[in-house]
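Asks: Provide a 3D model corresponding to the input given below.
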Amino acid sequence: MKKVHKTWKAIAAFTLAAAMTASLTACGGSAQDYVFEAEKAELSAACMVETGPEWTTELTDTEATQVGYFTSAGETITFKINASKACSATLTLRAASACGQWADPMVFEEVDMSKGECAKLSVNGTDVAMEGVLPGLEAPMDWEVASAYYKHYGTATAKIDLKAGENVIVLTSQGYNGGQGGINVDKITINAASELTWTETDNSDRVPQQ
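Replies: A predicted model of the protein is given here:
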């Protein structure tokens, strides 16, 4: 009888462990990417929406829309994102260095986002560290393509925690080099095992004066 009793205990333990594993899997779900464009976020006063061709190793035919003029200390880009449930997630920022000078050649600094010199990230009021480097650039002055140099994108990532309901994700400019440098922000992508939604902001009037 003791042997049978132990066998039933083993079966019960295995069944409980399997049930717990299934429950955790169902709770976690499969993660997917959600894209949130910066030009549809809430923008502080100085930020502007810019559209033009991207630069990779050369001028491309790809049109990009980004948030620029994000240089003075305290300027913000705010994403208010609703999550169907609490979860950990990975945020990827796509942005370009705007630490450059109008000279010949035009030289843009490489931006190490982990230093927080140009911009910092917070989620629900808590600062979050980013990792990644936005590429630098040296290119000849050419008035016809110069605006594309400001769309030479790279990425930085951060591990974030989302709560069920509204999450406030804020990028804040740090006023690098006396407000003469910063980043141009294309979008954020959040990989999460939660359904994410938001209400886009109409920034169609936030266009720099020609």
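
Asks: go through stretch 159-172 and flag the buried ones.
Replies: Under the neighbour-count criterion of 16 or more other CB atoms under 10 Å, stretch 159-172 has 160, 162, 167, 169-172 buried. Every C-beta, even on glycine, is put in place using the N, C-alpha and C of the backbone.

Asks: now do the end-to-end distance for it.
Replies: With CA to CA, to the nearest Å applied, stretch 159-172 spans 17 Å between its terminal residues.

Asks: for stretch 47-67, same thing?
Replies: So stretch 47-67: terminal residues 6 Å apart, CA to CA.

Asks: need the residues that contact that stretch.
Replies: Here stretch 47-67 makes contact (CB atoms under 8 Å, 6 or more residues apart in numbering) with 37-39, 41, 43, 68-70, 75-77, 95-96, 137, 139, 145, 147-153, 184-186, 203-204, 206-208.

Asks: redo that, cut-off 7 Å
Replies: The contact list for stretch 47-67, computed with CB atoms under 7 Å, 6 or more residues apart in numbering, reads 38-39, 43, 68-70, 75, 77, 145, 147-149, 151-153, 184-186, 203, 206-208.

Asks: of these, just the buried ones, PyMOL syntax please.
Replies: Typed into PyMOL, the line below selects the buried ones among the contacts of stretch 47-67, using 16+ other CB under 10 Å:
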select buried, resi 38+39+43+68+69+70+75+77+145+148+149+151+152+153+184+185+186+203+206
